[in-house]
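Peer 1: Test case, fold it:
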Amino acid sequence: MDIKDKKAAFLFPGQGAQYRGMGLDFYEKLETVKKLFSLCSDIMGMDMKTSLETADDETLKRTDVSQSTITLVNLAAASFLDERGVRPAAAAGFSLGEYAALAAAGVVSAEDCFHLVKERGKAMQCAADDVGHGADAPGMAAVIGLSPEKIAELLAEWKIGDLFAANINSKKQTVVAGSASALTRAEPLFKAAGARRCIRLAVAGPFHSPLMNGAVEHFKPCLEKTVFSDPRIPLYSNVTGDLITSGAEAKRLALRQIVSPVQWVAEERALIESGGFDVALETGPGAVLAGLWRDMESSILCLAAGTIQAIEA
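Peer 2: Have a look, this model is predicted:
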């Protein structure tokens, strides 16, 4: 498939997709990507290339680190695609990935995008640390093999405190967020109820749940002073699962997104029903979103586009 001849929806991944060395192939190839790395390094106060070369898994997992590194690689992948003549006909991002989507849709500049994810990452890491540390650290787990409706029914029945449905990923996968004790208690219960697997995710907090309420007030001042323009292309929301119609709406939803479940199934459905593109590209590290897309059983392909090798293939 020659993607230059196709209308492409860019889907940007979020936390959990990170790995050491991601994005460095783009850095070595393009001057525009080097400039993105330099801009992000200046804003973060650290050398992003060195960080991606040397950081261990635990460091990369910290939300105050992963938010900037993943966003940088998402935008680097989009820049490489742009250099190859592939530009987004629509954009959506999973959780953190929504910030790269905001930049791709012209709602915020790349510079403002990096400032936002820096402050969002700090706010969310502080909120996560307030819930627990070390062995008691909160987190998230993917429950595979049960429908979102069944997960909601079980959570209502069990009434486990500090446990919430956070990411509605597919008709057979939901991510729950909670305290360490709540996750430990729930995992065998999910398996007894028919889940095939429960997988702890490589994230450092109970994102998209009420446990992140402390991050909202911390992040709000940075968000309020940032200019949000109206989207130049169709842009979809994690909170509503539908189109974002204005910059003002995008700003309101960005604050709600911190504590609201990611409605990814609804977002994928809205994208597919729009009929505005021929192929979806996972524009950033990993292939998680391509896997979730297959669960929609759409005739439209979703292809990994997070490395030069994947894009050239």
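Peer 1: Could you use CA atoms for every contact and neighbour count after this?
Peer 2: Will do.
Peer 1: Check for me that Leu303 belongs to a helix.
Peer 2: No. Using DSSP: H, G, I helix; E, B strand; the rest coil, the assignment for Leu303 is strand, not a helix.
Peer 1: Okay, and the beta partners of it?
Peer 2: Leu303 has these beta-bridge partners by DSSP bridges: Leu281.
Peer 1: show me the contacts for it.
Peer 2: For Leu303, the contacting residues are Val279, Ala280, Leu281, Glu282, Ala287, Ala290, by C-alpha atoms under 8 Å, 6 or more residues apart in numbering.
Peer 1: again, only this time at 10 Å
Peer 2: 10-11, 279-283, 287, 289-291, 293, 310-311, 313 (C-alpha atoms under 10 Å, 6 or more residues apart in numbering).
Peer 1: One more: Thr50?
Peer 2: Gly21, Leu24, Ser41.
Peer 1: Contacts only, for the first one.
Peer 2: With contact set as C-alpha under 10 Å, 6+ apart, Gly21 has these partners: Lys49, Thr50, Ser51, Leu52, Glu53, Thr54, Ala55.
Peer 1: hey, C-alpha coordinates of the lengthiest strand in the chain in PDB?
Peer 2: The strand spanning the most residues in the chain, taking DSSP state E as the definition, is strand 163-170. Output of strand 163-170 as PDB, limited to C-alpha atoms (Å, rounded to 0.1, in the frame of the first residue of the first chain):
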ATOM      1  CA  LEU A 163     -11.200   1.000  41.600                       C
ATOM      2  CA  PHE A 164     -12.600   2.500  38.400                       C
ATOM      3  CA  ALA A 165     -13.100   1.700  34.700                       C
ATOM      4  CA  ALA A 166     -10.700   4.000  33.100                       C
ATOM      5  CA  ASN A 167     -10.100   3.100  29.400                       C
ATOM      6  CA  ILE A 168     -12.900   1.600  27.300                       C
ATOM      7  CA  ASN A 169     -10.500   0.000  24.800                       C
ATOM      8  CA  SER A 170     -12.600  -2.500  22.900                       C
END
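Peer 1: By mean pLDDT, which helix or strand of the protein comes out lowest?
Peer 2: helix 57-61 (a mean of 87; mean pLDDT, DSSP states H and E).
Peer 1: And that helix, what's buried?
Peer 2: Neighbour-count burial for helix 57-61, counted by 16 or more other C-alpha atoms under 10 Å, picks out Leu60, Lys61.
Peer 1: and it, what other elements does it pack with?
Peer 2: helix 48-54, helix 63-83 (3 or more C-alpha pairs under 10 Å, 6 or more residues apart in numbering; DSSP states H and E).
Peer 1: buried sites along the longest one?
Peer 2: By that I understand helix 63-83. Residues of helix 63-83 classed as buried by neighbour count (16+ other C-alpha under 10 Å): 63-81.
Peer 1: Tell me the helix or strand right after it.
Peer 2: Using DSSP states H and E, the helix or strand that follows helix 63-83 towards the C-terminus is strand 88-93.
Peer 1: for that following strand, packing partners?
Peer 2: Using 3+ C-alpha pairs under 10 Å, 6+ apart: strand 88-93 touches strand 8-12, helix 63-83, helix 97-104, helix 264-274, strand 279-282.
Peer 1: Quickly list what Gly178 is bridged to.
Peer 2: With DSSP bridges as the criterion, Gly178 is bridged to Gly139, Leu163.
Peer 1: check contacts around it.
Peer 2: Counting by C-alpha under 10 Å, 6+ apart, Gly178 touches 131, 137-141, 160-166, 184, 186, 205-211.
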